[in-house]
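1. predicted model follows, preceded by the sequence.
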Amino acid sequence: FIRKGGCKKMTMQHTYESLASSTDETLEQALLDGTQPDLETIAGNEYRGWNTPFFAATAGILRFKKGFLKDPSAGGAVRGYNKDIVAGGGLMDPWTEKGKDGKAKPFGFYEIVPQTSGPYPNSVLLNYNCPRNFPLDPTKLLRDYVVQVNPDNPHLLLGKAYLAFPGKWPKVSYFILERVGDADVPVS
């Protein structure tokens, strides 16, 4: 925020809960004001995710998990995956993975590209068009820009998902990520 009559920038401290109940305008400003996540810091962590649009619950994509790991087969590059969560439940309810013995099979793998230009030069781009995904997997169209929203909290992230169609990238949704534990899925 900018104070009237001055140019001192005041930073707003966001929380998982405040972001989840924010308007698209507030989320867009937080995305623009955020900083590029440090890949070394997020590597090895898993995050609970919350999609913000009104249709997310009925589409079964309201809650998910996203993980980040170093991939030894790619020279230690940080890459990631998604996991399905049991439908239902609210923002603060447990994130129970959908799968055998409470462990979801990872899907929607992505490579991470730090940005220096484009709409969010302060972000990293999660690119799902990678060989780990099945060639006809629709997640291959996803591109997510992700930022760290608070300078002192590397474990609260905000993203904006797009569909990468030739010549046009329509927005899908904003999403919030908060660290919940260690990543446990090998990326290679």
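-> Received it, and whenever you're ready, just let me know what you need.
2. who does the most centrally placed residue in the chain form a beta bridge with?
-> In the chain, the centroid-proximal residue (C-alpha atoms, centre = their mean) is residue 159; its distance is 4.7 Å. Counting by DSSP bridges, residue 159 is bridged to residue 146, residue 175.
3. contact partners for it?
-> Listed by C-beta atoms under 8 Å, 6 or more residues apart in numbering, the contact partners of residue 159 are 126, 144-147, 174-177. For glycine as for every other residue, the C-beta is placed from the backbone atoms N, C-alpha and C.
4. for residue 24, state which of those residues is nearest.
-> Nearest to residue 24 among those, counting by C-beta to C-beta, is residue 174 at 6.7 Å.
5. list the contacts of that closest one.
-> Residue 174 makes contact with 24, 27-28, 31, 51-53, 158-161, according to C-beta under 8 Å, 6+ apart.
6. could you find the lowest-pLDDT member of those?
-> Within the set of the contacts of residue 174, pLDDT is lowest for residue 53 (78).
7. correct me, but that one touches residue 171?
-> No. Applying C-beta atoms under 8 Å as the test, residue 53 and residue 171 come out as separate, 9.4 Å apart.
8. which one of those two is surrounded by more residues?
-> Between residue 53 and residue 171, residue 53 has the larger neighbour count (other C-beta atoms under 10 Å), namely 16 against 12.
9. from residue 45, how far off is residue 92?
-> Distance, residue 92 to residue 45, by C-beta to C-beta, to the nearest Å: 19 Å.
10. neighbour count for these two, which is higher?
-> residue 45 (19 against 9).
11. you'd agree that one is up against residue 182?
-> Yes. Look at residue 45 against residue 182 with C-beta under 8 Å: they come within range, at 6.5 Å.
12. and the lengthiest helix in the chain, what does it pack onto?
-> Taking DSSP state H as the criterion, the chain has its longest helix at helix 24-33. Packed against helix 24-33, as judged by 3 or more C-beta pairs under 8 Å, 6 or more residues apart in numbering; DSSP states H and E, are the following elements: strand 142-150, strand 153-163, strand 171-182.
13. now render these as CSV, adding distance to residue 105.
-> Putting the helices and strands packed on helix 24-33 into CSV (distance: least, C-beta to C-beta, whole Å) gives the following:
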stretch, distance to residue 105
strand 142-150, 18
strand 153-163, 21
strand 171-182, 18
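14. what's in contact with the worst-scoring helix or strand of the chain on mean pLDDT?
-> Sorted by mean pLDDT, DSSP states H and E, the helices and strands of the chain end with helix 56-59, the least confident at a mean of 72. Outside helix 56-59, the residues within contact range by C-beta under 8 Å, 6+ apart are 62, 173.
15. right, and the helix or strand after that helix?
-> Per DSSP states H and E, the first helix or strand lying C-terminal to helix 56-59 is strand 63-71.
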